[in-house]
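# Model the following, please.
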Amino acid sequence: MSLVLAGKIAWAVMVVGWYLLRWPFQRRAKKVALSDDRMKLPERLRLATATTGLGIVPFVFVVFGEPRIADYTPHPALFAAGMVAAIFALVLFRLTHKALGRMWSVSLQLKQNHTLVTTGVYSRVRHPMYSAFWLMAAAQALLLPNLVAGLAGAAGFGLLYFSRIGPEERMMEQAFGEQYLAYRRRTRRIIPSIRRGRQ
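Predicted structure coming up:
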């Protein structure tokens with residue numbers, strides 16, 4: 001099996017794994033009433049951009065091999081690193097969903113009787129779900145030997161992350177006040193610190 005095909009298969013398995021991990025939580029989340037829903041046009045555009053970069057563009061490459069002009073020769077070390085990133089991404093996806101439970105939401109939303117989750121992986125980082133998506137974007141870039149398809153994930157998700165993270169943290173601060181501010185002071189956004197309490 002060629003590295004190109006192996007990378008495509010690994011990417012497809014990662015995406016299917018992500019969907020299977022999320023599906024039961026997404027199904028249950030629809031049954032929980034919302035107390036704050038900020039799913040407006042800007043948020044829909046962010047989600048569409050991320051979906052395009054992490055899903056549609058790489059799918060076109062995996063299935064149709066386009067755009068061929070952006071292909072490059074794959075390397076075993078890049079493939080191996082991509083596999084490691086994909087595995088870590090899926091493990092982190094599972095841990096974040098498990099920690100959030102009924103508090104999980106795909107967008108800027110708060111559930112009725114929403115509680116601030118600070119346990120599990122959330123004890124070290126405030127946004128481990130975003131950490132998982134960054135790992136997924138890195139895996140895509142390493143597994144797919146095509147500059148457009150590979151880097152589309154980082155571009156699409158990067159736009160969502162950098163335009164959403166500020167409004168999301170402000171929403172949490174408004175909802176939880178000093179509790180969230182104290183939590184923010186002792187954690188980092190997406191990369192855990194060796195020294196606890198460091199921003």
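
# ok, residue 172 - contacts?
Taking C-beta atoms under 8 Å, 6 or more residues apart in numbering as the criterion, residue 172 is in contact with 116, 180. Using the backbone N, CA and C atoms, a C-beta is placed for each residue, glycine as well.

# So it lies in a helix, does it not?
Yes: Residue 172: assigned to a helix according to DSSP: H, G, I helix; E, B strand; the rest coil.

# And the helices in the protein, which stretches?
Under the criterion DSSP state H, helices of the chain are mapped to 3-29, 41-51, 57-64, 76-100, 128-143, 147-176, 178-186.

# Check what pLDDT residue 34 gets.
Looking at residue 34, its pLDDT stands at 59.

# Ok, which of the helices of the chain comes nearest residue 120?
Closest of these to residue 120 is helix 76-100, at 3.5 Å (criterion: C-beta to C-beta).

# Report the rounded mean pLDDT for that closest one.
In this model, helix 76-100 has a mean pLDDT of 95.

# So which other helices or strands are in contact with it?
helix 3-29, helix 128-143 (3 or more C-beta pairs under 8 Å, 6 or more residues apart in numbering; DSSP states H and E).

# Pull out the buried positions in the first one.
By neighbour count, with 16 or more other C-beta atoms under 10 Å as the criterion, the buried positions of helix 3-29 are 4, 6-8, 10-11, 14-15, 17-18, 21-22, 25, 29.

# Return the most buried member of the helices of the chain.
Ranked by average neighbour count under the criterion mean count of other C-beta atoms under 10 Å, the helices of the chain are headed by helix 128-143 at a mean of 24.

# That one packs against which elements?
Helix 128-143 packs on helix 3-29, helix 76-100, helix 147-176, going by 3+ C-beta pairs under 8 Å, 6+ apart.

# Nearest residue to the middle of the chain?
residue 133 (2.4 Å; C-alpha atoms, centre = their mean).

# is it true that it touches residue 53?
No: if you go by C-beta atoms under 8 Å, residue 133 and residue 53 don't touch, sitting 10.4 Å apart.

# what's the overlap in contacts for the two?
residue 157.

# would a markdown table of the helices and strands packed on helix 128-143 with distance to residue 47 be doable?
Formatted as a markdown table, the helices and strands packed on helix 128-143 follow (distance: least, C-beta to C-beta, whole Å):
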| stretch | distance to residue 47 |
| --- | --- |
| helix 3-29 | 13 |
| helix 76-100 | 17 |
| helix 147-176 | 7 |
